[in-house]
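Enquirer: one predicted model, sequence on top.
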Amino acid sequence: MATSSFVERIRVNNPKVMEEYVAVMETAANAPVAKRQEKTAKEITDPKELKTLMLKGIEKWGRK
């Protein structure tokens, strides 16, 4: 959503409110952005480990 679509409707009659609004917007603009964490996967070849994983899934989601 474009910022202008919701900012254009704001009417401010109090200069102090406008200063607070600008301060909040500047703080948000300078806030650090959380880095995305890469998901990793591995191939399971051990039958015991595979069985354990499948049982966890069945236990969590139930059998259908």
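Expert: Everything's here; your move.

Enquirer: from here on, contacts and neighbour counts on C-alpha atoms
Expert: Will do.

Enquirer: quick check: next helix or strand after the helix or strand bottoming out on mean pLDDT in the chain?
Expert: Here the helix or strand of the chain ranked lowest by mean pLDDT, DSSP states H and E is helix 4-7, holding a mean of 62. Using DSSP states H and E, the helix or strand that follows helix 4-7 towards the C-terminus is helix 15-30.

Enquirer: quick check: mean pLDDT of that next one?
Expert: Helix 15-30 comes out with an average pLDDT of 88.

Enquirer: now find how far off-centre stretch 27-40 is within its chain.
Expert: Computed by CA atoms, centre = their mean, to the nearest Å, the chain-centroid distance of stretch 27-40 equals 9 Å.

Enquirer: pull up the distance across that stretch, start to finish.
Expert: 33 Å (CA to CA, to the nearest Å).

Enquirer: again, but for stretch 40-50
Expert: Start-to-end span of stretch 40-50 (CA to CA) is 17 Å.

Enquirer: ok, stretch 40-53 next?
Expert: End-to-end span of stretch 40-53 (CA to CA): 16 Å.

Enquirer: give the buried residues for that stretch.
Expert: Neighbour counts over stretch 40-53 (16 or more other CA atoms under 10 Å) mark no residue as buried.

Enquirer: count the residues that sit near Met18.
Expert: Neighbour count for Met18, taken as other CA atoms under 10 Å: 14.

Enquirer: let's number from 58 now, not from 1
Expert: All set: I'll call the first residue 58, so the last point we hit is now Met75.

Enquirer: so what's it up against?
Expert: Applying CA atoms under 8 Å, 6 or more residues apart in numbering, we find Met75 in contact with Val69.

Enquirer: quick check: it vs Arg68, distance?
Expert: 9 Å.

Enquirer: what does Gln94 give?
Expert: Taking CA to CA, one finds Gln94 at 40 Å from Arg68.

Enquirer: Lys113 in helix, strand or coil?
Expert: Put simply, Lys113 is helix when judged by DSSP: H, G, I helix; E, B strand; the rest coil.
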